[in-house]
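Build the 3D model from these lines:
(chains A and B)
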Amino acid sequence: MLFALRVAFRYLLANRVQTGLLIGGVALSVIVFVFITALIKGLAIFLTVQTTGQISHVDLEPPRRVAAIQSADDRFAAQPVSTFQRQQILGWQQVVQQSEGLQHVVAVVPEISGNGFLVRGAAVAPIALQGVDPSQIDAIIPISSYIIDGSSDLSSGGLVIGADLADDLGLKAGVPVLLRSDRGVERLIPITGIFRAGLANLDRRVAYLSLATARPLADLPNGVTSIAIRLDDPEKSFQVAEQLQAQLPLKVTAWQEKNRNLEEALEAQNRTGIFIQAFAMVAIMISIASALLLTSVRRRSEIGIMRSFGISRSFVASVFVFQGVIIGFLASLLGAAIGYRLCLFLVERFVAPDGSPLLPIAPTEGGYVLVITLTIAGSALAAILPARAAARLDPVEAIQQ
Amino acid sequence: MRLLEADGLTKSFFNGDLETVVLKGIDLILEPGEMVALQGPSGSGKSTLLNILGLLMQPTDGTLSFMGERVSGLSEKQLSAIRNRHFGFVFQFHNLLPDFTAVENVAFPAAAPAGGISKALRERAKSLLERVDLSDRLDYAANRLSGGQKQRVAVARALMNRPQLVFADEPTGSLDQENGTKVMQLLREINREDKTTFLISTHDPDIAAICDRQINVVDGRIA
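Numbering: from 1, shown residues only, chains lettered A, B, ... in the order given. I've put the predicted structure just below:
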């Protein structure tokens, strides 16, 4: 076998231009494979980080209340059960304590959420109220870093609202505004700060206020409506949710369950990537098979003479398989190296003013081990056809030609 | 013991329904150490006979025995092994491997089954090249050698595995008079010194005259 390897090397070196072109062609397919893989993985990481960076990873809420029709008497006259009473978590302090003790939990934020309106003169805008402890305003979304006017300090009893909402109502920091909650409670509250997070839903809809300010507006003197939990690793959300569900009589939801669209988009993207990778692999196999078939035709008389002096078919076949493996090995290493450098170059070359990369490419996630393994295996497979053709040559015919 | 014995060999080729009978019942015996010329005009079937006797082609009918053992009907693998261990071949066109040196070409038939060119194989190849007067061309690439030199390398390669029988198909056919004579003298010398049997296909009466005996093939039969 070692001699077959040596013969394979000799054949490849004898046609350096063809070998060079072949390695270049295969390497190009490997580069495409690496680039696409790094891009898809990078995009997935980017989208996941973008999503998980702005949301809680596990949510605790009161058990879902099922609307029902209650029978009033024997005549089956029905009357609806009231759903106006707000669901709340009463013993939330204990839940917070329990949640904080779990692994991967970095923040536990009790919240009072509700709806309402901001009224300024004739202008009215619907809002989502988000009552949090002033010290935890940045625990889920780094609101303080998005402040463009005023501050994010909620302790004075003010509101922190998004820039779009402020624009709609012509508000700025320090200006009082009338807040009307969905419980019919009205308060005149000053705007403490205005933020721009870059998310339309947040910038136009959400108004932050302290828990203490939110309680009378939401008519919740003791409880909270939900508890948001942030983890050090968003991928551990199901694990943490499972632990909490086993301990608490609450509705526990991992972030993935609320972001099914993201999961589906990532899966669709992954499937597309697999198709492109498969096409790259087919291109590799076709180029190697065709080049080696050409070689086997060109070396017919040599193969014939080898067979005439009793060299076995398996030896002849192994010479061609080795050529395929050598090409695959060298081209995959070259392609992987160039692909990595290309990804790195694109990430470093195209950057935003704040230094963050404009292209969501993850150079370290190029699937290098996979592409090298697949290329070598694919090259060996591609070489089997020409190897068989060479091994089956009739020596008499080959020599005569 | 007879080295090679053919009994009633026939060979037909088919082109669709059209059958062409090339050999029509050949009986032939080769004794150890003799040098035999296989003569005949073009198309007489001597090359086909040489290929069948050299186990490169299967006869349509008839039997073939080598050193008393019947070899017709053996598998391709078994035939390859016999060719490698006991036979040598010299063709009209040297058919060297152009990307290998003279020494590598000569060592090849032994190196492939052995898994490489060992020191012993290299020494053997070198001594054979010295014998064919090419000691100064050992590491020359085959494609840098002249026609006569290439054919002498081919002779050395045929002798690498110390064959009992060497088949030579028009060994001087592509050479000029001077080189042709040199090659024939070399074959004769090897035949006498090593007692190697030669079966040489030729239509040149001068070459046939050098051999111990002549077999004439005419229209697929031995005349």
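
going forward, measure contacts and count neighbours with C-alpha atoms only.
Will do.

what about the strands in chain A?
Applying DSSP state E to chain A gives strands spanning A:58-61, A:69-71, A:78-80, A:105-120, A:123-132, A:147-150, A:159-162, A:176-181, A:186-195, A:206-210, A:226-231, A:251-254.

And chain B, by the same measure?
B:4-15, B:18-30, B:35-39, B:61-66, B:69-70, B:87-90, B:165-169, B:197-202, B:213-218, B:221-222.

Tell me what angle the fourth one forms with strand B:165-169.
Read it as strand B:61-66. Relative orientation of strand B:61-66 versus strand B:165-169 (axes from the mean of the first three to the mean of the last three CA atoms, to 10 degrees): 130 degrees.

Kindly export strand B:61-66 (C-alpha atoms) in PDB.
The C-alpha trace of strand B:61-66 is given here as PDB (Å, rounded to 0.1, in the frame of the first residue of the first chain):
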ATOM      1  CA  ASP B  61     -10.900 -23.500 -26.300                       C
ATOM      2  CA  GLY B  62      -8.000 -25.700 -25.600                       C
ATOM      3  CA  THR B  63      -5.800 -26.100 -22.600                       C
ATOM      4  CA  LEU B  64      -2.600 -24.500 -21.400                       C
ATOM      5  CA  SER B  65      -0.200 -25.900 -18.800                       C
ATOM      6  CA  PHE B  66       2.800 -24.200 -17.100                       C
END
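
Which elements pack onto it?
strand B:4-15 (3 or more CA pairs under 8 Å, 6 or more residues apart in numbering or on different chains; DSSP states H and E).

Quick check: phi and psi at residue 56.
Just so you know, I chose chain A. phi -80, psi 150 (degrees, to the nearest 10).

that's the other chain; I wanted chain B
phi -90, psi -10.

check contacts around it.
Shown in contact with residue B:56 (CA atoms under 8 Å, 6 or more residues apart in numbering or on different chains): A:308, A:395, A:396.

How about the residues of chain B by chain A?
For chain B, the residues in contact with chain A (CA under 8 Å from any CA of the partner chain) are B:51, B:56-57, B:77, B:79-85, B:87-89, B:95-97, B:99-100, B:109, B:111-113, B:115-117.

Buried ones only from these, please, as a PyMOL command.
The PyMOL selection below is limited to those of these classed as buried (16 or more other CA atoms under 10 Å in any protein chain shown):
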select buried, chain B and resi 51+56+57+79+80+81+82+83+84+85+87+88+89+95+96+97+99+100+109+111+112+113+116+117
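
How much space separates residue B:8 from chain A?
Using CA to the nearest CA, to the nearest Å, residue B:8 is found at 22 Å from chain A.

Does that residue touch residue B:23 like I think?
No. At 9.3 Å, residue B:8 does not count as touching residue B:23 under the criterion of CA atoms under 8 Å.

can you pull the buried residues of stretch B:174-193?
Buried, per 16+ other CA under 10 Å, within stretch B:174-193: B:174, B:175, B:179, B:180, B:182, B:183, B:184, B:186, B:187, B:188, B:190, B:191.

Looking at the residues you listed, which is nearest chain A?
Distance to chain A across those (CA to the nearest CA) is lowest for residue B:174, with 13.8 Å.

distance of that closest one from residue B:132?
The gap separating residue B:174 from residue B:132 is 18 Å, by CA to CA, to the nearest Å.

What are the boundaries of the helices in the stretch 251-400 of chain A?
Counting by DSSP state H, counting those that start in this stretch, the stretch 251-400 of chain A has helices at residues A:255-258, A:260-298, A:300-308, A:313-349, A:368-391, A:395-400.

make that chain B, sorry
B:46-53, B:76-86, B:102-114, B:119-131, B:147-159, B:177-194, B:205-210 (DSSP state H).

now for those helices, which one comes closest to residue A:355?
helix B:102-114 (60.2 Å; CA to CA).

now that closest one: how far from the chain's centre is it?
17 Å (CA atoms, centre = their mean, to the nearest Å).

do the same with stretch A:29-48
11 Å.

Likewise for stretch A:20-38?
Centre to centre, stretch against its chain (CA atoms, centre = their mean), the figure for stretch A:20-38 is 25 Å.

got the CA coordinates for it in CSV?
In CSV, the C-alpha atoms belonging to stretch A:20-38 read as follows (Å, rounded to 0.1, in the frame of the first residue of the first chain):
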residue,chain,number,x,y,z
GLY,A,20,-2.8,22.4,-8.9
LEU,A,21,-6.0,23.3,-10.7
LEU,A,22,-7.8,20.3,-9.2
ILE,A,23,-6.7,21.2,-5.6
GLY,A,24,-7.6,24.8,-6.3
GLY,A,25,-11.1,23.8,-7.5
VAL,A,26,-11.8,21.5,-4.6
ALA,A,27,-10.4,24.1,-2.2
LEU,A,28,-12.8,26.7,-3.6
SER,A,29,-15.7,24.4,-2.8
VAL,A,30,-14.3,24.0,0.7
ILE,A,31,-14.1,27.8,1.0
VAL,A,32,-17.8,28.1,0.0
PHE,A,33,-18.7,25.4,2.5
VAL,A,34,-16.7,27.1,5.3
PHE,A,35,-18.0,30.5,4.5
ILE,A,36,-21.7,29.4,4.3
THR,A,37,-21.3,27.4,7.6
ALA,A,38,-19.7,30.4,9.4
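
returning to what we had before: who wins on neighbours among the contacts of residue B:56?
residue A:308 (26 neighbours; other CA atoms under 10 Å in any protein chain shown).

I'd say that residue and residue A:395 touch.
Yes. The criterion here is CA under 8 Å, and residue A:308 meets it with residue A:395 at 5.8 Å.

ok so, going back, out of residue B:8 and residue B:23, which sits in the more crowded spot?
residue B:23 (26 against 15).
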